[in-house]
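Peer 1: Give the three-dimensional model of this entry:
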Amino acid sequence: MIQIDVTAQLRDKFGKGAARTLRRDGLTPAVLYGPKTEPVALTLNTHSFTKSLFSLQRRNAVVNLAIEGDGQKNVMIKDIQVDPVTNSLEHADFYELDLDHEYTYPVPVTYTGKAKGVDTGGDMEIFRHSVNLKGKPLDIPDSIEVNVTPLQIDDKITVGELAIPAGATLVDSPAAVCVTVTG
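Peer 2: Numbers count the residues shown, from 1 in each chain. From the prediction side, this is the model:
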């Protein structure tokens, strides 16, 4: 799983007016919460946090959140609120992770190659673009790559045939079809 570093500061002003002032000053209000953590109000530098978000591109990631005066925490981005008109960051929610606890994550499946059955007149149909894996956050892969080149007409690849890394277990049904070539 991808890891990125983000810095934040503790926030002591709350409400709509304080949030607008923060955004005007180039900061984004945020909150950190979790099962063993009381909610903590934070501020982030909007420019550097936006650059970090672009590197993630909607993938699962463990964020090493360094809070000034409170140490470092391993978190996951739970929610990002964006202004619909200006597309600027409005708010961010972070969920504190226990790196020794197992969680369930959707992992994208990428298909590479061109199926031989497509060359002979078949059509390739993709049914699954992601699968759910359970495991510790650092054991979950960024994506699962599937080579579809050997598929002939009426061949298929099921979820159970995917290469799941050690430390992660499949949550979805192994009989579910990921991709097939039909005649």
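Peer 1: Strands along this protein, start to end?
Peer 2: Listed in chain order, the strands of the chain (DSSP state E) span 2-10, 27-34, 37-45, 61-67, 71-82, 89-96, 103-112, 123-126, 130-135, 144-147, 156-158, 168-170, 177-182.
Peer 1: Distance-wise, check residue 176 relative to residue 149.
Peer 2: When Cβ to Cβ, to the nearest Å is the yardstick, residue 176 and residue 149 sit 21 Å from each other. Quick note: C-beta positions are derived from backbone N, CA and C, even for glycine.
Peer 1: OK, contacts around the residue nearest the centre of the chain?
Peer 2: Centroid-nearest residue in the chain: residue 60, 2.3 Å away (criterion: Cα atoms, centre = their mean). Contacts for residue 60 (Cβ atoms under 8 Å, 6 or more residues apart in numbering) come out as 1, 2, 76, 105, 106, 107, 137, 140, 142.
Peer 1: just residue 28 next, same as before
Peer 2: Under the criterion of Cβ under 8 Å, 6+ apart, the contact list for residue 28 reads 22, 43, 44, 45, 46, 49, 89, 90, 91, 92.
Peer 1: Just the buried subset of those residues, please.
Peer 2: For these, a neighbour count by 16 or more other Cβ atoms under 10 Å gives the buried set as 22, 43, 44, 45, 46, 49, 89, 92.
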